[in-house]
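> Sequence first, then the predicted structure:
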Protein chains: 4
Amino acid sequence: MSPTVEMRAKETGRIEAFSDGVFAFAITLLVLYLKDPALSGGGSLLQGLVSQWPTFFAFVTSFMTILIMWVGHHEMFTYIVRADRQFMFLNGFLLFFVTLTPFTTSLVADHITSSDSGTAAVVYSGSFLLLATAWNLIWRYASGPHRLIAEHITAAQVKAFTRNFYVGPVFYTVALLVALVSGIASVVLILGVAVFYAVGTRSPR
Amino acid sequence: MSPTVEMRAKETGRIEAFSDGVFAFAITLLVLYLKDPALSGGGSLLQGLVSQWPTFFAFVTSFMTILIMWVGHHEMFTYIVRADRQFMFLNGFLLFFVTLTPFTTSLVADHITSSDSGTAAVVYSGSFLLLATAWNLIWRYASGPHRLIAEHITAAQVKAFTRNFYVGPVFYTVALLVALVSGIASVVLILGVAVFYAVGTRSPR
Amino acid sequence: MSPTVEMRAKETGRIEAFSDGVFAFAITLLVLYLKDPALSGGGSLLQGLVSQWPTFFAFVTSFMTILIMWVGHHEMFTYIVRADRQFMFLNGFLLFFVTLTPFTTSLVADHITSSDSGTAAVVYSGSFLLLATAWNLIWRYASGPHRLIAEHITAAQVKAFTRNFYVGPVFYTVALLVALVSGIASVVLILGVAVFYAVGTRSPR
Amino acid sequence: MSPTVEMRAKETGRIEAFSDGVFAFAITLLVLYLKDPALSGGGSLLQGLVSQWPTFFAFVTSFMTILIMWVGHHEMFTYIVRADRQFMFLNGFLLFFVTLTPFTTSLVADHITSSDSGTAAVVYSGSFLLLATAWNLIWRYASGPHRLIAEHITAAQVKAFTRNFYVGPVFYTVALLVALVSGIASVVLILGVAVFYAVGTRSPR
């Protein structure tokens, strides 16, 4: 192993470690919004849990979405071998929306069955749309000519990987438009995208 | 060290780092459910702490259970040297139930002495049963012929390690059935399994 | 790779890992202070979110500030290759103010439009001033003659990097003085510093 | 670098990563117990913050104590190069008391000026006494003949390092006894121990 490879590994290593921390922490914080139903009074524990279905629904959707984001982040860093300051701030922009997720999830959980369901779903899908936009910015920057990706990556590989990033903005824009009509349909769509990625895709290598 | 070994180490390295993050946060988040008893009024601090025994009992049980899960995860990755997308999602499925643990623990803590004790223990043991099932799915996938484990691992070693994964589903199924009769007996059983693993077993190597 | 390089990498590696953990958790914990506005009653969800602008404003300011701090920490460790106990405690002093940030942010979020706006902004900017002071202490210690930085770093490089650390104390002192007159102007200034760093600077290498 | 060294590094690497996560998370969670004083009504923000001094006092004491524990953990792993299952569970026993710290800190913060001050300080110092005991168990196990420490470590080095572990149990026992008389004196003593370690000691290497 040459010192150069070693240095580069260290260079991106801490960015991955910090990002892993934020992803892992955001995905685990989601659980804090699951509340013991008995604490809000009335009925048996079972009835309370059943009546909390919107919270579990939002929890599962956000968990799956952050998980596919993390998998994508992991895959992107199999291409990227260098980092600079701009890249770190673009990555920070992406992580900003990851840390927002527990909050937007709680809005969906609390309002999905109320008249504010649309507003909650607009904020939720809009936040994911901005997250998907951040993905495109970061990858466009990193994959620019001779910038941050490994020398041995071919133009065809870059092109194939770039195509992945078009899916997110399209689906989250649709989800945002659907939210104007039906909040719950919008969240179901977002869950569908995550399930599709998790179950329906195969590893590129 | 060949570049291949290095690449593989990086490949599984981030999965381990992300999982370590989730395990570490989930195990530390448990403490948030320990509340200052004086805040809910009445009696001395000592009386308050003593009357909170179900919370400490649930806390210790969940801490021990997540700890043995983490040790198992660590040991599994001494065999696994490659990763693909399916594997990452199966691992995510496992982590889902790990992040759920602080919530299911709070249900046990709040209800173990009430008439809802059974429901709380069913959710608690049921969540661990699904976690144990996830373990079996992930290991079955990884140890499939020429898939993700190291070349030098023999079939006998795989078989021996596979046997470990049968214990969880059996015990958590029993705990689930016991929960229908007595919530507290079910949690004691789950604690017993964790203590047995922590104190009674020796490292395989 | 010589064993010496390897050992040194390990020596600073865990300090970086622990610091990454603290930075990542502190930046993610900020989200807990974003509250569902409907829970505090009255009006639509949209009105509630809009009226919460001070919270989002404080959230973005603190997120950006912790992010530039983390980027600086990352860059500092491209120079530092050794560690001793004093260094670890100085680093701990720095992390102390990082962990304080979610609390000082909540003070700004809650009080920026009230008559206590000045007090909140003094605590907020004062905490960042102490953080910037900790940066100077840690770098002065580490870059002392033949102490913790790599042999191949020239005196000119050290001098250039040292200059970065003068900016923080100056701006946060100004922000502290401004806070005595206007709380909100002080926080705007702090946000401005972070945005300047994130958008206006280029990587030194 | 021989494959053996590499494997060993991996072997203890994940234990360190998981422990770093728990230490970093526990130290950051402390901040959640700092509350905006205005939310509990009455007076200016400044008066509220000043009247909260017991919370800040407990916060600083726990931060410093977890920090010195982490530094000690870091130093211990410069000796330890192997791990087995028993070691992982002993380490888990140690981490158990680390995760308890935010809770015991909140007891001190809430009660140090009340008549329950003694009980709070007994729980606080008792928890650190058990933590210090866990340190001794783990080091005694690891440094046993030809067990987990590096071959090149001499008996004299082991002996010198072992002496460090006697300090904790002695001081925390004294703090526990003092707590029976004065809660606040007990916490001051614990803070003193942490400050002494952080300021007064020099790195052994």
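Everything's here; your move.

> if you average pLDDT over stretch A:195-205, what comes out?
Here stretch A:195-205 scores 66 as its mean pLDDT.

> go on, stretch A:143-162?
Here the average pLDDT along stretch A:143-162 is 84.

> does that stretch come close to chain C?
No. Figure legend: stretch A:143-162 not in contact with chain C (Cβ under 8 Å from any Cβ of the partner chain); closest approach 11.0 Å. Where you see a C-beta, it was placed from the backbone N, CA and C, and this is true even at glycine.

> And for that stretch, what's in contact with it?
A:75-76, A:79-84, A:87, A:139, A:141-142, A:204 (Cβ atoms under 8 Å, 6 or more residues apart in numbering or on different chains).

> and the residue of chain A nearest chain C?
Nearest residue of chain A to chain C, counting by Cβ to the nearest Cβ: residue A:21, 3.0 Å away.

> Once you drop chain neighbours, what's closest to that residue?
The shortest distance from residue A:21 to any non-neighbouring residue, by Cβ to Cβ, 6 or more residues apart in numbering or on different chains, is to residue C:24 (3.0 Å).

> correct me, but the one you found touches residue A:22?
Yes. If you go by Cβ atoms under 8 Å, residue C:24 and residue A:22 touch, sitting 4.8 Å apart.

> Taking helix C:3-29 as reference, get the angle to the helix or strand of chain A with the lowest mean pLDDT.
Least confident helix or strand of chain A, by mean pLDDT, DSSP states H and E, is helix A:3-29 with a mean of 77. Interaxial angle of helix A:3-29 relative to helix C:3-29 (axes from the mean of the first three to the mean of the last three Cα atoms, to 10 degrees): 30 degrees.

> and after helix A:3-29, which helix or strand comes next?
helix A:45-51 (DSSP states H and E).

> Using PDB, write out every CA atom in that following helix.
Taking Å, rounded to 0.1, in the frame of the first residue of the first chain, the C-alpha atoms of helix A:45-51 are listed here in PDB:
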ATOM      1  CA  LEU A  45     -52.100  -0.100  26.100                       C
ATOM      2  CA  LEU A  46     -53.100  -2.100  23.000                       C
ATOM      3  CA  GLN A  47     -55.700   0.400  21.900                       C
ATOM      4  CA  GLY A  48     -53.300   3.200  22.500                       C
ATOM      5  CA  LEU A  49     -50.600   1.500  20.400                       C
ATOM      6  CA  VAL A  50     -53.000   0.800  17.500                       C
ATOM      7  CA  SER A  51     -54.300   4.400  17.600                       C
END
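
> ok, back up a step: quick one: list the elements packing against the least confident helix or strand of chain A.
Packed against helix A:3-29 by the contact rule (3 or more Cβ pairs under 8 Å, 6 or more residues apart in numbering or on different chains; DSSP states H and E) you find helix A:53-76, helix A:85-111, helix B:3-29, helix B:85-111, helix C:3-29, helix C:53-76.

> residue of chain A with the smallest distance to chain B?
residue A:24 (3.0 Å).

> Report the contact partners of that residue.
By Cβ under 8 Å, 6+ apart, the neighbours of residue A:24 are B:18, B:21-22, B:25.

> for residue A:55, same thing?
A:33-35, A:109 are the contacts of residue A:55 under Cβ under 8 Å, 6+ apart.

> Repeat the analysis, applying 10 Å as the threshold.
Residues in contact with residue A:55 (Cβ atoms under 10 Å, 6 or more residues apart in numbering or on different chains) are A:33-35, A:37, A:49, A:105-106, A:108-110, A:112.

> And residue A:46, by the same measure?
A:37, B:116, B:118-120, B:122-123.
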